[in-house]
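J.: 3D model of this:
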Amino acid sequence: MSVRVLVVDDEAPARRRVATLLEGEPDAEIVGEAANGLEAVEAIRSLSPDLVFLDIQMPGMTGFEVIEAIGVDAMPAVVFVTAFDEFALAAFEVQAVDYLLKPFQTDRFQKAFRRAAARKGQPEKEPERIGQLLDAVRPGPRHLQRLVVRKGERILFVSVGDVLRLSADGNYVNVHTPDGVYTLRETLARLETRLDPERFARIHRSEIVNVDAIKEVQPWFHGDYVVILRNGEELRLSRRYSGRLLGSE
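T.: Numbering: from 1, shown residues only. As a prediction, this is how the structure comes out:
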């Protein structure tokens with residue numbers, strides 16, 4: 001069974017080298033290439049590759065930010081392509097995460113690809129490994145700082161501080177901001193785990209709000225409340241989630 005591969009690197013020669021080496025692997029099927037982080041996020045979401053060769057040091061949006069935008073649990077298998085020094089690479093070794101150190105040789109590439117291909121269909125440890133890697137090499141805030149969203153054919157960055165609320169729409173989330181509503185291909189439950197709980201609160205099974213966007217909360221019926229945002233929107237706060245927001249837990 002073939003391994004569907006996405007190649008991500010901001011340098012065209014680097015993408016060509018990976019693609020050329022993949023052509024020598026009978027199990028590899030290249031399903032796409034991406035020249036930056038935004039393209040990578042869109043390609044991962046739309047193509048659902050089995051494996052991503054992911055450059056880390058890309059301008060605008062790093063490989064680590066691509067993973068944060070997709071979500072660790074939703075990421076396919078990854079072989080990181082990096083120019084990090086040996087000290088930083090110790091974290092890759094500890095977490096048993098595949099990587100290629102630029103410039104890499106053919107035999108090292110083959111080893112990384114075949115190791116990743118052998119794990120196809122056995123992804124249970126991948127999210128844990130990648131999550132621990134991010135913790136090790138990206139000290140600082142662990143919560144999302146910005147969202148990668150779609151507006152028609154455009155892909156945009158939205159700072160989480162600009163988000164008023166997030167509403168579920170099946171396997172998508174509508175991101176409500178003062179400038180409009182954007183679509184994010186993600187579930188609300190998964191997104192909630194990556195948001196700062198000090199800044200965002202679930203008020204309903206299909207709604208999360210930015211606490212700073214709330215103007216007031218008024219009692220309603222049967223233990224429920226009405227949340228009034230600063231822009232005048234009124235939302236239901238269900239009794240199930242009221243303790244977290246109102247501080248009665």
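J.: where does pLDDT dip in this protein?
T.: In the predicted model, the chain carries pLDDT under 70 at residues 84-97, 121-126, 135-142, 248-249.
J.: how about the helices in it?
T.: Ranges of helices in the chain, per DSSP state H, are 12-23, 37-47, 63-70, 86-94, 106-118, 126-137, 188-192, 239-246.
J.: would you mind finding the most buried of those?
T.: Comparing the helices of the chain by mean neighbour count (mean count of other CB atoms under 10 Å), helix 63-70 ranks first with a mean of 23. In short, each C-beta sits where N, CA and C put it, glycine included.
J.: ok so, going back, which one of the helices of the chain lies closest to residue 4?
T.: helix 37-47 (7.4 Å; CB to CB).
J.: mind giving me the packing neighbours of the closest one?
T.: strand 3-8, strand 28-34, strand 51-55, helix 63-70, strand 146-151, strand 154-159 (3 or more CB pairs under 8 Å, 6 or more residues apart in numbering; DSSP states H and E).
J.: contact partners of it?
T.: In this structure, residues lying in contact with helix 37-47 by CB atoms under 8 Å, 6 or more residues apart in numbering are 4, 6, 8, 31-34, 49, 52, 54, 58, 60-63, 65-66, 69-70, 75-76, 148, 150, 155, 185.
J.: mark which of those are buried, thanks.
T.: Those of those that meet the buried threshold are 4, 6, 8, 31-34, 49, 52, 54, 58, 61-63, 65-66, 69-70, 75-76, 148, 150, 155, 185, by 16 or more other CB atoms under 10 Å.
J.: bridged to residue 81, which residues?
T.: residue 55, residue 100 (DSSP bridges).
J.: quick revisit: possible to save the helices and strands packed on helix 37-47 as TSV with distance to residue 240?
T.: Shown next, in TSV, are the helices and strands packed on helix 37-47 (distance: least, CB to CB, whole Å):
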stretch	distance to residue 240
strand 3-8	40
strand 28-34	41
strand 51-55	38
helix 63-70	29
strand 146-151	25
strand 154-159	28
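J.: out of those, which gets nearest to residue 215?
T.: Smallest distance to residue 215 across the helices and strands packed on helix 37-47 (CB to CB): 20.7 Å, for strand 154-159.
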